[in-house]
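1. fold the following for me, if possible:
(chains A and B)
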Amino acid sequence: MSAEQEQNERKRKRAAKERPRDHPKKRSKVQDGDKEVDQKAELAVVPVNDAVGNTAIVPVIKKKEKKGKKKDKTLKTTKIEVPWSISEAVGGWFLPHDPVFSPDEKFLILATRSYLQIYSTATSLLVRSLRVIRSDITSYALSESKPTQIYAATAAGLITTWDLDTGKWLGRWDIKSEIRGIAAALPAKGSQDIIFTQEAGGRHVINAQTLKTDTGASENELKQILKTEEPIQSFQVLSTGAIIVVALQNSMMIGKALPRSSTDLKELEYVWRTFKIQQDITTFHARLETQTGPIAIPQKGSSGINPDSLDLAIGCVDGAILLYNDILRKLTKIERKNEKKNEKKNEKPENIIPRRLHWHREGVASLKWSVDGNYLISGGKETVLVIWQLTTGKKEHLPHLTSEIESVVVSPSGTSYAVRLADNSLIVLSTTELKPKTSIAGIQSRRVLHQGSESSQSGTLPSVLQKSSNPVAAYGKVPMAVNPLNSNQILLPIPSSQPRSEMSDQRLPAPYLQTFDISTARHVSRQALTRNNATNFNLGPERLKLREPDVKLMQLSHDGKWLATVEDWAPPPTDVEHISENDKDAAKEQSLRREIYLKFWLWNHQKGVWSLEARINTPHLFPDDMSTCQVIDLVSHPTEVGFATIGEDSFVRVWKPKVRRRDGAVVRSATSDALYTWSNSCSIELETSIQPPETKKRPLSSSLPLAACLAYSADGSALAATQDWGFNTAPGLVHLINTKAGVVHRSLPNLYIQKLAALAFVGQYLVVVSESVTVWNLVDDELSYSHSINLNQSDYTHQNSLIHLAVNAQDGTFAVAFPSLQFDQLASKKSKAPAPKIRKASSTIIIFDPSRPKPLHSSGLPDVVMALRPTLNGSGYITLDSAAEVRIINPKSSASIPLIGPIAKPDQSLATAGEVEEEVEDMDVDDEEEVIVPAAVKDSEMTDDEIEDTENDKPVVRPEHLAQIFDVGPSFAGQSMKELFNAVVGLYARKPRVRWEQEVTVGI
Amino acid sequence: MEIHRSRFVPYPSSAINALAFSHATKEKTTGEDPSSLRLAIGRANGNIEIWNPGKGIWVQEKTFSGGKERSVEGLAWIQEPGEEGKGGKTLPGRLRLFSIGYSSSITEWNLVTGLPARSSGGNHSEVWCFAAQPQWVGPKKKSSAAREGEFRGQNLVAGCADGTLAMISTAEEDLRFQKLIARPTKKKARVLSVAFQDRNRVVAGYADSTIRVFDSRTGESLRSISLGSGPKGGPTEILVWKIRCLPNGDIVSGDSLGELRFFGGESYSQIQRLAGHEADILDLAVSNDGQYIFTGGMDRRTALFKCIRSNGKKEVGHGSWVKVSHSKFHDHDVKALATYNGKDLSVTVSGGIDTQPIVVPIREFGKEYSRSLPFLPQTPPLASAPGARLLVSWWNCEIRIWRIPRNTGAEQRPKLVAKMALLGEEHITSAAISQNGLVLAVATVAKVKFFQLASHDTSKGEKFSISKLHSTSLPGATLVQFSGNGKWLAIITPTANVLLARLVPADDSNQQWTVLPRLVTLERSTRTADPSSLNGFWGNYYRTITHADFSDDSTVLAVGDLGGHIDVWVVEGNEDPTAAAVDVAIESSSSTDDEESGSEDDQKKQSIVIMGQHWRQHPNAAAIPKLDSAPLVLSFRPASSSSQPQPNGNPGVHATRHNPHPRSHELPGGEQRFMIVSAKHSVYEFDLLNGGYSGISAWSRRNPTSQFPTSFIGNKDRTKGCVWDIHEGNERVWLYGVNWLFMLDLSKDLPDPETLLVRNGANQLSGQELSKKRKRKSGEEGPRKKSSGAGDAIPASNVLSSVGKFTGGESDESQWISLDARLTPDPDEDGEDTRLILPKVRRGVKTELDGNEENVVIENGTENYVSGDASEDKALSKRKNKKQEAVKERGLRESWWHTFKYRPILGIVPIGEQSGPLEVVLVERPSWDLDLPPRLVGNHERAL
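-> Numbers count the residues shown, from 1 in each chain, chains lettered A, B, ... in the order given. This is a model prediction of the structure:
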């Protein structure tokens, strides 16, 4: 396929996508789509959505030639011989939205930015994901009329609906304003859902509307039912739309529908009652208690009062929960009394005192009534689920959850609680035993929310964004590693939790290690690498959060058995202020108390965890005052077990394991593995400080390198090391170290000027990334080429530390990723402004062949790349970005990591979705069909649009399947060896499905 | 004014052990709160304080002083059944107050004298708790009313340490052990709490996790309810600390687990169990409608529980009680609670080891703040001898005397010069020291003692000696007060008699002063007492004298009593050292020449003349009006040395007719101006010489209380005392309460409230804005008047105070409806407006009633305020405005001033010579200075 052809194909696809759908009853057709996309195409960087997957076969539709030409021009810059593709995003953070149970509680619906994810509560597996296009999801709700139908609203004002069961796309409407919340209610008389949307923008409005999917002739109706001055936080619709409860910042509004004669939406009218709360409201939940017993005889004049009592629980920012029992009746009673106040003067109305439940120290993040109304379930920053027993005044606690609670949901039958935590995970607990039934976790890597992106839709706690001096610090590199033993798995240090309420520009320390399987998009394991205090009382006496050590560097050995981490902890400046006399001293005191550990971990097969084998305190020391100095880079030997570090003290140290011997015999552990000790096998001193002539008089120790890099050659025989001192007079000197001899073999000067970012060997080439990418041919000892990087530099920021370089040894390419940040101009104009705010952040990734100056591929990514690693089984790269989404970039011809999507096929009923093998069968038969997966593509638009071409004819065997075979109880109770063998072979060799079903029944 | 801010006086406040309201409900006939409603606070040092909560004023009226090793552990009031009075009127029944201590007896208190009246005997063991029978309610049906001879009073039941319950009869105005209701239990478990379920059923909570119900008539045990065993790891027995009965007969208990349990009144089965405290519930109080329960406990929490009975249902079922909220008002265990929920007053008072009573609203809970009442006594236990720079303080049986050094800039600390402990059991009620610091009088309810103080400068420094003066046995007193020259001591006896003792100074300091054996008894004018429940068979409660003061020249004595009456006596004649020390003359009252009210009785009276001086009632005394409430400050203005020469002590100056007759009828001509601040924050100045018939001075007429700045009237804490600043023509008085200090310049008029408003706001306020302000102000004042007796209204409250209502979705169209029922206009308001006009008229202002009233009033007000009517012409001059502004600013600034900087103030007394600038000692007793015992629960927590 020539390049032109491909371009044309792209055009066609786009055209297909923008072709008007066959649902004429949309409230307003999506008409402006064409224009939008064309504008996007004019950018030099191809937007992700369009770059995803290029090989889907779509019907050819004629397109206007003019536009196509334009696009050809623009796209030429990125044109290359071998087309590269960027995969769909994997992972991402779940939205701050209450998870939704399906009515039968078999499925749980969560959402990331662009997907609705349907998980099975029984297996915790992703069953289906529904892709929303062109904007971010803000809210979603189940239909009341058809319980399998779900509505999702986006920030751009689109409401999309699907059938959950079949994944069938049902319709889409454009509301044309930013939707923040959505709810559906089925009126008492009627078969059509009323959709309530909370809209933002210039006004704060709640609208009610009917959205017709069928081909009915009538127009969709719209009725504005509430308009407020203040922004609406959230709202809840109760009793088939008869009552709406709305929370503003510190006041509540309760709307009660007036009786209406017909189902005409125009007649829908609400009487609103509003009252103020002393504190800011963080969350609320209302509950309508229907009186079951004999209905109390209506007193005189009390007709029209709903016999149901509305109980309202409000969580406040100070941690108190206010409980208003039967609030609506009391309010109406008082109003009536006020109206007749001339008649009864002396009678005083009842004082509406809320009950005040105060246990939470900080704002209540989420609050729900139990189904019977006897309990209140709340959670917050304390990582404790509190269950309030309202009739006895007692409370039950479920402490030590892994992270702050962000939302709590009670399942429709009341038998389980879904608790969404701030570490991007969710557990479903059974109500009776409080034991987890389901556990779902996404990538928990550090993510960055910048203002304007997500804070506007935060539903609960008011976010307090702290300002740091360096706004890009949060985008710092994540030392991700790909497991050589299982190239689908990535390892990454993660923060203990990232509550939305305290997202800041600060770099959160990452004390944990998460293993994540990209291929199945599943969390594999999580373990602590440093001391941590996620669930203990973690506030200091000044109510500042205690800081955990941060794993700054991490490397896996070439065989994947060893893990080296460098962690760094220093007391916060406020803790050393009182010791020191001035600021300079403070920094010194802080560095004196800095703790830096180099830790070596060995993979423990039995337990499936990394076990700590050796810890080296302060691997690098300043020779003059023996104080701790920071480790700047850590690399792993490419062919044998060993690591090299470079520190601020200008030493390169090589660390090697030694089998521990006692009297010549190998010391073995209980499991008869040899024990190792790690030691510094050699250390090479580089130049300590290259002084510019005019500053020669300064003492040597006063200057530290700004950056330093290490790189092993592919065979490990050479180690390149360089330090950037930031002086113009000492341009980039790269030392080549003979690792056998441990001496500096050669020093290459002038490889870069300053702002060193990365260093790597690619075959015979040495690549140095600074302000430009310099490729030096070591064999010919000449410059191969240099390619400059265009960074949107700012005086305040050190964006060079955000440049990533990765080398794929398999195909001899390397990739460079760099951010492009847009700052708020207003802030940077002032000279003394604390720090410019980042308005928009994206990044660019360029893939080079060292022998050719022309980049192989260049593309843009919507977020800042925070880690870039090569895939280990084939050419390609893995990126992790600031939205915690992983993408794979690879040449189209080689699929390095298969992305296995949800287990349910499009149009397959969810009830049968467990039987995955059917699909595998199908695929086996039809090799031509390329619909492998991102089964994201339930949307009919998407199916003919972008389909991932993870060509793969290997059977998909999930660990769960194996587990189902093996975990059947004690060995004596299980099947015979032969049966087991057959079962396993059946998995891999694709025996007839009958076999599989049998196994399933056994497994259950 | 120079202030010695001092915290060295170690006045120990005493923990509150018991609280009791005299009435449970509002009066049935009128629906009003009874005027005789009092709160009794029993303290660990044996004192019982009687507080008058009257409409949220909260004045500590009386203190029944305790003694050594006495402690009040429980209090109960009963009211005798009403009696048929003259003309068929029902006289309110008398109130009787009982207390228990660490003994086996119950003590009844004489409300008038503040002395124990009688105590019950009985051979039961120590009384741990007691309760009064509910009031007898006349049967509704006539048919069953026939039971003659039924006891209609309220008996007492005492629960004892060995588990017995004893019935104590209060019949026939007596207190006698009647019978035992319950015998000791096997384990001899203490009875921790006892309550009457109705008039005959007694419910008692024991220390062995049991509640037992008895019939008080037969002693039959009706039921025994076990609470089960305690939690694992804790003590096995649950202590039922408190038991109470709800109006519907249900029983509620608070126990050592911190749980409230509700039991059915008939079935005696548990209805509900509610956790609410982290530690023991020590007391609980039920509001009289049975809708609210307050609990207090060892975790320092005061919690509110509410009954949420669903509509229409009468019976209380499971889940009908809920905990509303709790807060930590106290720094230590909450030991006692009492509620009163009447028409206006609707409060719970709580007290504990931190000695501070806290008033929490019931009906307006959440809408009004809680309020802490002062934990320091109303009358400061301080006295000073300014001339000798001595400061005297006392508590219990101890007296400390300090010498306050001059503030010379050098670090000089007050020196403790003497420390005395009084022999005998009784606590000191009052003490006085003469101006020159030579004589000290100390009073207990049993005796008044005199001490002579002398200091000698020795080589080692000052040596201070105290010697007791021999005197014939003097009666006990509640109040003693020296005259300025130290020759007279006014002794107010517990029976509200006023006696005068005459001291004869010694010629030189080595000799002892002598106390003349004969005391002068001053007659108080008889006043008809209003019928009140407080006036027991002992006499008139309201006749209790709380304040007494001599004029500066020692010639006039004024006393004020709780009823608001002022009695003034004056001395006739000048001191004649040559005359007989004591001369008793028989005189008929008709010999006096003025038309005294009591002149018609021609009884012969004994008249005592001491050294030629004779005390008689002041001629104007009868005309002094009755105050609106009890006086809290009564103080004579010291004669400013510049204006008036000292008339006394120098008989030669008086060249008036000096009679050879030993008796002189001449009345002294010195200044007779005294100031009174009443419990309602009304300030009156009396000028008996120039004040006309009623004696109210011109300043006071021009500046009635309504004219006072809100920063004074709005103070919730009552006035405790005052000091005068008359140095160099100043006419200032510094009033103080427990938390505030307020200066008032009597040489100037107070600004109009309207002028104040203008000043507070911008100067260029238009009339419209002004009227707005005024409206708002009156709106603010409205609720305060209608306060439930606790603190101010909470401006932003979680309790719904107003609800917006709108239809159709546009929130800006919402109408706000107040949920307050207090919408009815206050009838008082109109009356106040007319009152406001009077002072204006007195100041010479013609109020114009046209549209621009405010502006006119302001102008006129300030003008006249500046220079009186003489400035009419000046004011019309061109520079009128500028001048006015300047003068107004200055004048306004100086006519009054206040500060909240010092708190809590135990007292302020002057120190240093009168001629010099005013120098005072301000004694503070911060609450953190209290010596609290370690907490059992939550000791690590920070006090809020």
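
2. helices or strands next to the helix or strand hosting B:Ala432 in the packing?
-> Assigned by DSSP states H and E, B:Ala432 belongs to strand B:428-433. Secondary-structure packing of strand B:428-433 (3 or more Cβ pairs under 8 Å, 6 or more residues apart in numbering or on different chains; DSSP states H and E): strand B:382-385, strand B:390-395, strand B:398-403, strand B:439-444, strand B:479-482. C-beta: built from backbone N, CA, C; applies to glycine.

3. strand partners (parallel or antiparallel) of the second one?
-> Right, strand B:390-395. Sheet pairing for strand B:390-395, assigned by DSSP bridges, gives strand B:382-385 (antiparallel), strand B:398-403 (antiparallel).

4. for those strands, which one sits closest to B:Gly254?
-> Minimum separation from B:Gly254 across the strands paired with strand B:390-395 (Cβ to Cβ) falls at strand B:398-403, 37.0 Å.

5. count the residues that sit near the residue of the stretch 401-550 of chain A found nearest chain B.
-> Distances between the stretch 401-550 of chain A and chain B by Cβ to the nearest Cβ are smallest at A:Pro541, namely 11.0 Å. For A:Pro541, the neighbour count with other Cβ atoms under 10 Å in any protein chain shown is 5.

6. on that earlier part again, dump the helices and strands packed on strand B:428-433 to JSON lines, plus mean neighbour count and mean pLDDT.
-> Converted to JSON lines, these look like this (neighbours: other Cβ atoms under 10 Å in any protein chain shown; pLDDT from 0 to 100):
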{"stretch": "strand B:382-385", "mean neighbour count": "24", "mean pLDDT": "92"}
{"stretch": "strand B:390-395", "mean neighbour count": "24", "mean pLDDT": "93"}
{"stretch": "strand B:398-403", "mean neighbour count": "20", "mean pLDDT": "92"}
{"stretch": "strand B:439-444", "mean neighbour count": "26", "mean pLDDT": "92"}
{"stretch": "strand B:479-482", "mean neighbour count": "24", "mean pLDDT": "93"}
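
7. now name the helix or strand holding B:Tyr102.
-> Going by DSSP H and E, B:Tyr102 is not part of any helix or strand.

8. that one is in contact with B:Glu126, isn't it?
-> Yes: using Cβ atoms under 8 Å, B:Tyr102 is in contact with B:Glu126, at 6.4 Å.

9. more neighbours: those two, which one.
-> Just comparing B:Tyr102 and B:Glu126: by other Cβ under 10 Å the higher neighbour count belongs to B:Glu126, 16 against 13.

10. residue contacts, the residue lying closest to that one once chain neighbours are set aside?
-> Leaving aside its chain neighbours, B:Glu126 sits nearest to B:Ala161 (4.4 Å; criterion: Cβ to Cβ, 6 or more residues apart in numbering or on different chains). By Cβ atoms under 8 Å, 6 or more residues apart in numbering or on different chains, B:Ala161 lies in contact with B:125-128, B:188, B:190-191.

11. likewise A:Ala614?
-> A:599-600, A:657, A:676-678.

12. do you know how far A:Ser378 is from B:Asp299?
-> Going from A:Ser378 to B:Asp299 by Cβ to Cβ, to the nearest Å gives 22 Å.

13. those two: who's more crowded?
-> A:Ser378 (27 against 23).

14. assign a three-state SS to whichever residue of chain A sits closest to chain B, would you?
-> At 3.5 Å from chain B, A:Arg356 is the closest residue in chain A, using Cβ to the nearest Cβ. Recorded secondary structure, A:Arg356: strand (DSSP: H, G, I helix; E, B strand; the rest coil).

15. try the one 10 residues further on
-> Three-state assignment for A:Ser366 (three-state DSSP): strand.

16. so which residues on the stretch 651-800 of chain B come close to chain A?
-> Neighbours of chain A within the stretch 651-800 of chain B, by Cβ under 8 Å from any Cβ of the partner chain: B:796-800.

17. need the max-distance pair from these.
-> Farthest pair in those, by Cβ to Cβ: B:Ala796 and B:Leu800, 11.6 Å.

18. which of those two has more neighbours?
-> B:Leu800 (24 against 10).

19. for chain B, which segments count as helices?
-> Applying DSSP state H to chain B gives helices spanning B:698-702, B:710-713, B:753-760, B:767-785, B:828-842, B:853-867, B:872-876, B:880-895.

20. lowest average pLDDT across these?
-> If you rank the helices of chain B by mean pLDDT, helix B:853-867 sits at the bottom with a mean of 37.

21. tell me the bridge partners for the residue of chain A closest to chain B.
-> Beta-bridge pairing for A:Arg356 (DSSP bridges): A:Leu322.

22. who are the contact partners of it?
-> By Cβ under 8 Å, 6+ apart, the residues touching A:Arg356 are A:320-323, B:324-326, B:798.

23. make it 6 Å
-> Applying Cβ atoms under 6 Å, 6 or more residues apart in numbering or on different chains to A:Arg356 gives the contacts A:320, A:322, B:325.

24. and if you look at A:Ser120?
-> A:Ser120 touches A:107, A:127, counting by Cβ under 6 Å, 6+ apart.

25. quick one: it and A:Val472, what's the gap?
-> Taking Cβ to Cβ, one finds A:Ser120 at 40 Å from A:Val472.

26. got it, and B:Asp174?
-> Note on B:Asp174: its distance to A:Val472, by Cβ to Cβ, is 90 Å.

27. where do the helices sit along the stretch 851-1000 of chain A?
-> For the stretch 851-1000 of chain A, the helices defined by DSSP state H, counting those that start in this stretch occupy A:917-925, A:940-943, A:959-966, A:977-989, A:993-1003.
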